[in-house]
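Trainee: can't give you the sequence, but here's the structure:
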Ligand code: FEO
């Protein structure tokens, strides 16, 4: 399959309807994904921007041959070395081995590290360009740590198209392939999930890079990312969303995440929710049993929250593994400007709440209540009231 993005650009990627896990098993992809590769035909030169994930390499090259004689590809651009975009390079470069591969300096290292090939690398920096004839140029913009050291954007003059690789993308399989054609709720749910789970740690760089690119005063007719749809209708809408998301994003929401063995910690979670509701009727309160929910969906809800409340009973002097695993992910993402509290039941030693408090502080959350709420055995009426009181305190703290 291929389709025309405009008169000069043809999409030659792969729609992966089956994908459900990305980055190994780390990231859920409920709506599949796409690996977008673009063939740009200038008046004199032809460029291929990015390829697809390795398992689709043969299919990709076979389809590409239907679109163009491979020998007519003058240049390859590898905006990013991660294998979902570079995975078909070995298959392709076996056929056209001398074709120059344009990438950032770090890209040469990453691509060599992945494939152990001495391809015809052409390292580029911000402002370097390829002439495509007739005054049309492909201009490179390094985008270090968005989200890898090698990440890079490129911009097609004349057509005014930005190719930002992973930035502004979504794991979203669709045959429509343009932003104005798809369900907007699905699109934005996947876009925010992508940002929350992948780009959160780099938010300061996101803001700086957007300001840098906006400062170049380039017209933008389309944004063609490497995953999901092409932004052709009001393409800057996603750029403005990224500026919002990068700025310690919050909605008026509290997310309560817990795991439970015999329902005590669940009952406490619900009592905390009722306390929040009583003190703050405006706040959206969501509860998730971490062991029964998708961890990346929970991360997205945390991203949207002003505060989180995390609960686990004590087991073996520690916490349940679903909460430990979630907190490891939360720590790595480095959320900014969020509050938190901890709670949990115990039978004898009772370390869980102190441990969760420590993990929350380590992850940069401001504790609303330094002690948290420890409940001996299953919460009795007095403990339930204490949980409601904690909820009240949380609801008031985020007003
Ligand atoms: Fe879509 Fe960073 O790879």
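Mentor: Thanks, I have the structure now. Every value quoted in this text rests on a predicted model; they were computed, and no experiment measured them.

Trainee: distance of residue 163 from residue 333?
Mentor: Between residue 163 and residue 333 the distance, using C-beta to C-beta, to the nearest Å, works out to 26 Å. All C-beta spots, glycine's among them, are computed from the backbone N, C-alpha and C.

Trainee: between these two, which one's more packed in?
Mentor: Neighbours were tallied for residue 163 and for residue 333 using other C-beta atoms under 10 Å; the higher tally belongs to residue 163 (25 against 19).

Trainee: show me what contacts that one?
Mentor: By C-beta atoms under 8 Å, 6 or more residues apart in numbering, the contact set of residue 163 is 38, 49-50, 77, 79, 153-156, 224-226.

Trainee: need the residues you listed in TSV (columns: secondary structure and distance to the ligand).
Mentor: Putting the contacts of residue 163 into TSV (DSSP: H, G, I helix; E, B strand; the rest coil; distance: C-beta to the nearest ligand atom, whole Å) gives the following:
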residue	secondary structure	distance to the ligand
38	strand	14
49	strand	13
50	coil	9
77	strand	15
79	coil	10
153	strand	13
154	strand	15
155	strand	19
156	strand	20
224	strand	14
225	strand	9
226	coil	6
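
Trainee: neighbour count and pLDDT added to those residues, as TSV?
Mentor: Written out in TSV, the entries for those read as follows (neighbours: other C-beta atoms under 10 Å; pLDDT from 0 to 100):
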residue	neighbour count	pLDDT
38	23	99
49	26	99
50	25	98
77	24	98
79	28	98
153	24	98
154	28	98
155	21	98
156	26	98
224	28	98
225	24	98
226	27	98
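
Trainee: nearest to residue 273 among those?
Mentor: Closest approach to residue 273 among the contacts of residue 163 (C-beta to C-beta): residue 225, at 37.3 Å.

Trainee: pretty sure that closest one sits against residue 164.
Mentor: Yes - if you go by C-beta atoms under 8 Å, residue 225 and residue 164 touch, sitting 5.7 Å apart.

Trainee: per-residue pLDDT, residue 1?
Mentor: Listed pLDDT for residue 1 reads 89.

Trainee: what about it, how many residues nearby?
Mentor: 12.

Trainee: distance check, it against the ligand.
Mentor: With distances taken as C-beta to the nearest ligand atom, to the nearest Å, residue 1 is found 19 Å from the ligand.

Trainee: now that residue. Nearest residue, chain neighbours left out?
Mentor: Of all residues not flanking residue 1 in the chain, residue 63 sits nearest, at 6.9 Å (C-beta to C-beta, 6 or more residues apart in numbering).

Trainee: got phi/psi on that neighbour?
Mentor: With angles defined as degrees, to the nearest 10, residue 63 sits at phi -70, psi -40.

Trainee: isn't it right up against residue 3?
Mentor: No - using C-beta under 8 Å, residue 63 and residue 3 do not qualify as a contacting pair, with a distance of 11.6 Å.

Trainee: what about stretch 52-61, near the ligand?
Mentor: No - contact between stretch 52-61 and the ligand, assessed by C-beta under 6 Å from any ligand atom, is absent, since the two come no nearer than 8.7 Å.

Trainee: and stretch 106-124, how far out from the chain middle?
Mentor: When C-alpha coordinates are averaged (C-alpha atoms, centre = their mean, to the nearest Å), stretch 106-124 and its chain have centres 25 Å apart.

Trainee: what's next to that stretch, contact-wise?
Mentor: Outside of stretch 106-124, the residues that reach it under the criterion C-beta under 8 Å, 6+ apart are 75, 78, 80-83, 86, 89-90, 93, 97-105, 140, 144, 148-150, 152.
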